[in-house]
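Undergrad: Turn this into a structure:
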Amino acid sequence: MSSQLNTVHLEQIISYLQFADKMRKHILSEVKEEIADHVDSRVDDSETYTGSEICDALEDLPDLLDTMLDRELEHQRDVSVFLIQKIFEQYRQLDMEISLKVPMLENEKDIKSSHALCEDLTTKPAETLKSAPLPPKDAKRVGEKLKEMKSQSKSKDPKSILEENLRLKKQIQDEMNAFPQYKKLQEMIHEREIELNGLKACL
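TA: Got it, this is the predicted structure:
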């Protein structure tokens with residue numbers, strides 16, 4: 001699956017992974033800090049407690065964990081939706097439709113493949129980028145294509161403009177199908193949510 005992504009796509013995924021790693025560390029730090037504060041407020045180091053007393057003192061700890069993790073999972077959901085929204089908006093500007101096939105997120109084989117790609121981009125980014133194909137010579141980012149379309153529209157007749165827009169639209173759609181970056185990003189987002197659920201289970 002990684003062979004479908006060119007170096008430009010992978011560089012953007014690396015940026016996302018760096019952001020996700022920073023966010024994950026921040027979440028873990030907050031969880032640990034809140035747990036420590038909770039324990040300190042109920043257990044005095046200078047006192048001796050029985051097992052039963054400790055259980056009573058910390059009986060609401062599971063509820064605290066649920067509240068914290070639910071909050072962080074909700075934030076992760078918001079970040080995921082924001083990212084998907086921005087991808088959709090880029091294609092909407094070009095009058096193109098893309099779809100998000102949610103059932104594909106339940107395909108464990110693809111998720112494992114995504115995990116392997118994340119590991120490669122995290123542990124050996126230079127090597128992974130070196131083995132990836134370069135973007136097509138005529139490929140341009142969405143913003144560049146929009147500027148090109150607007151610039152050309154000033155000097156062409158309506159018929160030529162329509163033909164050129166249709167050509168660019170088809171070209172972008174073909175590139176999207178060949179390099180489904182939005183699908184890969186959504187798979188990684190799902191993986192982050194799985195990690196948070198795993199953390200909740202461990203705690």
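
Undergrad: going forward, measure contacts and count neighbours with C-alpha atoms only.
TA: OK.

Undergrad: Which secondary structure element of the chain has the lowest mean pLDDT?
TA: helix 142-153 (a mean of 61; mean pLDDT, DSSP states H and E).

Undergrad: Any idea how far the helix or strand hosting residue 73 is from the middle of the chain?
TA: Using DSSP states H and E, residue 73 sits within helix 61-93. The chain centroid and the centroid of helix 61-93 are separated by 10 Å, computed with CA atoms, centre = their mean, to the nearest Å.

Undergrad: Next, the buried residues of the helix or strand just after it.
TA: Moving toward the C-terminus from helix 61-93, the next helix or strand (DSSP H and E) is helix 108-123. The neighbour-count check on helix 108-123 (16 or more other CA atoms under 10 Å) flags 111, 114, 115, 117, 118, 120, 121 as buried.

Undergrad: right, and the helix or strand after helix 108-123?
TA: Counting by DSSP H and E, the next helix or strand C-terminal to helix 108-123 is helix 125-131.

Undergrad: Give me the helices and strands touching that next one, please.
TA: Judged by 3 or more CA pairs under 8 Å, 6 or more residues apart in numbering; DSSP states H and E, the packing partners of helix 125-131 are helix 7-42.

Undergrad: Quick check: next helix or strand after the helix it packs on?
TA: The helix or strand immediately downstream of helix 7-42 is helix 51-57, counting by DSSP H and E.

Undergrad: What residues sit buried inside that next one?
TA: Going by neighbour count (16+ other CA under 10 Å), the buried part of helix 51-57 is residue 57.

Undergrad: go on, stretch 54-72?
TA: By neighbour count with 16+ other CA under 10 Å, stretch 54-72 contains the buried residues 57, 64, 65, 68, 69, 72.

Undergrad: Alpha carbons only: can I get it in PDB?
TA: Output of stretch 54-72 as PDB, limited to C-alpha atoms (Å, rounded to 0.1, in the frame of the first residue of the first chain):
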ATOM      1  CA  ILE A  54      -6.600   2.200  50.400                       C
ATOM      2  CA  CYS A  55      -9.400   0.700  48.300                       C
ATOM      3  CA  ASP A  56     -11.900   3.000  50.000                       C
ATOM      4  CA  ALA A  57      -9.700   6.100  49.500                       C
ATOM      5  CA  LEU A  58      -9.200   5.400  45.800                       C
ATOM      6  CA  GLU A  59     -12.600   3.900  45.000                       C
ATOM      7  CA  ASP A  60     -13.500   6.700  42.600                       C
ATOM      8  CA  LEU A  61     -10.200   6.400  40.700                       C
ATOM      9  CA  PRO A  62     -11.900   4.300  37.900                       C
ATOM     10  CA  ASP A  63     -14.500   7.100  37.400                       C
ATOM     11  CA  LEU A  64     -11.700   9.600  37.100                       C
ATOM     12  CA  LEU A  65      -9.900   7.500  34.500                       C
ATOM     13  CA  ASP A  66     -13.100   7.200  32.500                       C
ATOM     14  CA  THR A  67     -13.700  10.900  32.600                       C
ATOM     15  CA  MET A  68     -10.200  11.700  31.500                       C
ATOM     16  CA  LEU A  69     -10.000   9.100  28.700                       C
ATOM     17  CA  ASP A  70     -13.500  10.000  27.400                       C
ATOM     18  CA  ARG A  71     -12.400  13.600  27.200                       C
ATOM     19  CA  GLU A  72      -9.200  12.800  25.300                       C
END
